[in-house]
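> Show me how the following folds:
(one chain, ligands or ions: 2)
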Amino acid sequence: MSDRFSFALGATDGKARTGVISTPRGEIRTPAFMPVGTAATVKAMLPESVRATGADILLGNTYHLMLRPTAERIDRLGGLHRFMNWDRPILTDSGGFQVMSLAGLRKLTERGVTFKSHIDGSRHELTPERSMEIQRLLGSDIVMCFDECPALPADRTRIAESMRLSMRWAERSREAFGDRPGHALFGIQQGGLEEDLRAESAAALRGIGFDGYAVGGLAVGEGQAAMFGCLDFAPAQLPEDKPRYLMGVGKPDDIVGAVARGIDMMDCVLPSRSGRTGQVFTRHGVLNIKNARHQDDPRPLDEKCGCPACRNYSRAYLHHVFRSQEIISSMLLTWHNLYYCQELMQGMRDAIAAESFAAWQAAFHAARAEGDI
Ligand SMILES: Nc1nc(=O)c2cc3nc(NCCN4CCCCC4)[nH]c3cc2[nH]1
Ligand SMILES: [Zn+2]
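Ligands and ions are numbered 1, 2, ... in the order given. Now for the predicted structure:
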């Protein structure tokens with residue numbers, strides 16, 4: 001344990017790298033995948049189960065928690081870690097992205113964003129200062145700057161104006177965050193798919209100075225090829241000695257491709273959300289447990305997986321409880337998908353350390369090409 005926040009680079013293999021983020025609440029092995037705990041819960045999972053999948057850190061959302069139960073109530077009750085019974089690191093997103101993707105009647109100005117709650121229609125405002133206050137009240141270990149993430153496709157002028165607004169908001173976020181030893185503030189690079197705008201954003205963020213740097217503005221409908229094209233240059237524009245966090249990503253092959261391009265941290269609702277919709281991540285690709293072909297299959301989802309679903313249940317059973325909409329279905333399939341993702345991260349950390357990441361990546365893709373789910 002450390003009383004301060006720090007990042008130590010470990011091994012590198014091409015652009016891929018391992019590292020350890022030290023925080024007062026524990027260490028984070030990178031490359032790291034963060035399960036999403038939007039409303040103070042990783043859906044269908046107990047916190048101890050999330051830890052048992054191998055997660056070192058989880059993500060919370062300013063937008064959702066400010067609306068319900070409010071940051072002030074969570075603060076009065078001892079903070080988000082106590083509230084949700086997770087004593088390891090928590091990273092919180094700053095709210096701007098969720099306002100643009102969820103809230104109604106939004107008004108964006110230089111000051112910030114006003115919006116109507118998607119829950120009860122009440123009116124709210126988020127500014128860099130208010131977002132920093134909310135994340136402080138929550139007790140977040142890694143705080144994200146308040147930014148604006150433009151929906152793609154967008155013209156270059158719109159992307160440039162939006163990025164420059166986010167850089168002014170990054171300055172205000174830094175100012176409002178203050179000096180909080182043991183807590184980190186991450187800047188968020190914007191600039192769409194434009195290399196020069198992303199370079200301008202990276203330079204602005206370096207000038208302000210952050211404990212980590214996120215690649216924002218991606219996984220917003222651009223598609224994997226365009227995202228990878230951007231990741232071929234964007235991570236290297238950010239400081240090498242700080243964690244690089246790709247927001248909102250992703251499917252297993254997105255995750256692998258991002259690590260190969262120098263990303264250290266990621267988060268995505270997909271593994272947990274897919275678990276609830278019967279989409280099971282396996283080494284050979286995605287298996288849909290709803291398919292009738294599983295109804296008599298006595299085999300586990302994956303005989304090499306150590307999760308409770310694979311150790312104790314057949315595909316036939318998992319097909320049955322999914323079809324029957326039994327709660328245990330979401331529990332077991334979410335656990336398996338999150339466990340699969342953490343095994344993927346551990347496999348990449350080991351391969352990078354052994355300087356065999358290229359071979360690992362080739363085997364990852366070959367197993368998916370084999371099919372035979
Ligand atoms: N503060 C902030 N800034 C961003 O630019 C950002 C960009 C993001 N891009 C995504 N993509 C999430 C895509 N996700 C895929 C699975 C289904 C739900 C949506 N999440 C993001 C969150 C973000 N948060
Ligand atoms: Zn499993």
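
> Show me what Ile90 is bridged to.
Beta-bridge pairing of Ile90 under DSSP bridges involves Leu58.

> Now for the residue in the chain that ligand 1 sits nearest to, how many residues are close by?
Nearest to ligand 1 in the chain, going by Cβ to the nearest ligand atom, is Gly248, at a distance of 2.2 Å. Yep, even glycine has a C-beta here, placed from its N, CA and C like the rest. By the other Cβ atoms under 10 Å criterion, the neighbourhood of Gly248 contains 23 residues.

> How about the backbone phi and psi for it?
Per-residue torsions, Gly248: phi 80, psi 20 (degrees, to the nearest 10).

> for the closest residue to Cys307 other than its chain neighbours, what are its contacts?
Distance criterion Cβ to Cβ, 6 or more residues apart in numbering; nearest residue to Cys307, sequence neighbours excluded, is Tyr339 at 3.9 Å. Neighbouring residues of Tyr339 by Cβ atoms under 8 Å, 6 or more residues apart in numbering: Thr53, Gly54, Cys305, Gly306, Cys307.

> try it again with 7 Å
Thr53, Cys305, Cys307 (Cβ atoms under 7 Å, 6 or more residues apart in numbering).

> Is the host helix or strand of it positioned near ligand 2?
Assessed by DSSP states H and E, Tyr339 sits inside helix 327-353. Yes: in terms of Cβ under 5 Å from the ion, part of helix 327-353 sits within range of ligand 2, namely His336.

> now that helix: how far from the chain's centre is it?
Distance, stretch centre to chain centre, for helix 327-353: 14 Å (Cα atoms, centre = their mean, to the nearest Å).

> Just the buried positions in that helix, please.
By neighbour count on 16 or more other Cβ atoms under 10 Å, the buried set for helix 327-353 is 329-345, 347-349, 351-352.

> That helix near ligand 1 anywhere?
No: judged by Cβ under 6 Å from any ligand atom, helix 327-353 stays clear of ligand 1, getting no closer than 12.7 Å.

> immediately after that helix, which helix or strand?
Counting by DSSP H and E, the next helix or strand C-terminal to helix 327-353 is helix 357-370.

> What is the one helix or strand Arg158 maps to packed up against?
Assigned by DSSP H and E, Arg158 belongs to helix 156-177. Other helices and strands packing on helix 156-177, by 3 or more Cβ pairs under 7 Å, 6 or more residues apart in numbering; DSSP states H and E, are helix 128-138, strand 184-189, helix 195-208.

> count of neighbours near Gly54?
16.

> Now do the same for it: helix, strand or coil?
At Gly54, secondary structure determined by DSSP: H, G, I helix; E, B strand; the rest coil is coil.

> Need the nearest residue in space to it, chain neighbours excluded.
Leaving out its chain neighbours, the residue that sits closest to Gly54 by Cβ to Cβ, 6+ apart is Gln342, at 3.3 Å.

> Can you check the pLDDT for the one you found?
On the pLDDT scale, Gln342 is placed at 98.

> out of the contacts of Tyr339, who's near ligand 2?
Contacts with ligand 2 within the contacts of Tyr339, as defined by Cβ under 5 Å from the ion: Cys305, Cys307.

> Touching, Met1 and Arg88? I think so.
No: with contacts counted by Cβ atoms under 7 Å, Met1 stays clear of Arg88, the gap being 10.8 Å.

> Between these two, point out the one with more neighbours.
Just comparing Met1 and Arg88: by other Cβ under 10 Å the higher neighbour count belongs to Arg88, 18 against 8.

> Appreciated, that's everything.
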